[in-house]
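Colleague: 3D, please:
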Amino acid sequence: MKQKCFLVVAPHPDDAELGMGGTMLLLKERGYRIIIVDLTSGEPTPFGNEEKRKRETEEASSVLGIEERLNLDLPNRYLFDTENARLLLAEKIRLMQPDALFSPLSEDAHPDHIAANALSIGARFYAKYTKLSLEGDPWYTGRLFHYSCSHLRAIPRYSFLVDTSSHFERKIEAARCYRSQFIDNPKNSAVFDYVRTRDRYFGSLIGTAYAEPFYSSEALGVIDPSVFL
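Modeller: Numbers count the residues shown, from 1 in each chain. Alright, predicted model coming up:
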């Protein structure tokens, strides 16, 4: 039986960790294949550089147990849903053939996050085209979910919540690897308190210590309603 594969698209290194680090840990624990595709290097930033950010990304991936991670090297701060960007991501989708695709939620204040959402939707569709000069066989990913790594001060209505209580502290450990972003930069020092408060709030809605929200524009079917009991 083919090992289930989940592809996580992140605008910058650190977004996947902050948005769904606990869920990735949970999926890895259950034996699933997790691949992260960072669209940009995330640089330049006030306290970072390309070499430092790459090292931080490797450290965070190690904490999460992620062995497959790549970067498309699209331009940070100037990320757009272009034909070329779609084709780059579509080719990765065809080669990896994921069962589900995760991308940032569109409701965000950061233009790169908004673009990553649109780019993922477009690439998911491009990947199934039969007459494109791309590596890999045509592939349509069955599910597209969105995670929240938002700069918008709002709480959009979620589709489902994942209990990440047993993996929350390790998620924070992974996020702390991005020292140039959240420790060296005093403007971002409150991010860990924010994530803790946010995930605790979502956990309170389902009776757990912590949870991460996910969003789907497509209907989700349930075979056995007792899973909610």
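Colleague: I'd like the distance between the residue lying closest to Y32 once chain neighbours are set aside and T141.
Modeller: Leaving aside its sequence neighbours, Y32 sits nearest to K4 (CB to CB, 6 or more residues apart in numbering; 4.8 Å). In this view, the C-beta of every residue, glycine as well, is placed from N, C-alpha and C. Using CB to CB, to the nearest Å, one gets 12 Å for the distance from K4 to T141.
Colleague: spit out the residues that contact the two alike.
Modeller: When contacts are counted by CB atoms under 8 Å, 6 or more residues apart in numbering, K4 and T141 are jointly contacted by D99.
Colleague: out of those two, which sits in the busier spot?
Modeller: More crowded of K4 and T141, by other CB atoms under 10 Å: T141, with 22 against 14.
Colleague: low-confidence ranges, the protein, go.
Modeller: Counting by pLDDT under 70, the chain shows no low-confidence range.
Colleague: quick one: the strands in this structure?
Modeller: Taking DSSP state E as the criterion, the chain carries its strands at 5-10, 33-40, 68-74, 100-104, 143-147, 160-163, 211-215.
Colleague: save those strands as TSV, and put in distance to Y129 and mean neighbour count too.
Modeller: As requested, those are arranged in TSV below (distance: least, CB to CB, whole Å; neighbours: other CB atoms under 10 Å):
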stretch	distance to Y129	mean neighbour count
strand 5-10	18	25
strand 33-40	19	23
strand 68-74	19	16
strand 100-104	16	25
strand 143-147	17	21
strand 160-163	30	17
strand 211-215	26	23
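Colleague: any chance of those strands in JSON lines with distance to I121 as columns?
Modeller: Output for the strands of the chain, formatted as JSON lines (distance: least, CB to CB, whole Å):
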{"stretch": "strand 5-10", "distance to I121": "10"}
{"stretch": "strand 33-40", "distance to I121": "14"}
{"stretch": "strand 68-74", "distance to I121": "16"}
{"stretch": "strand 100-104", "distance to I121": "8"}
{"stretch": "strand 143-147", "distance to I121": "7"}
{"stretch": "strand 160-163", "distance to I121": "19"}
{"stretch": "strand 211-215", "distance to I121": "13"}
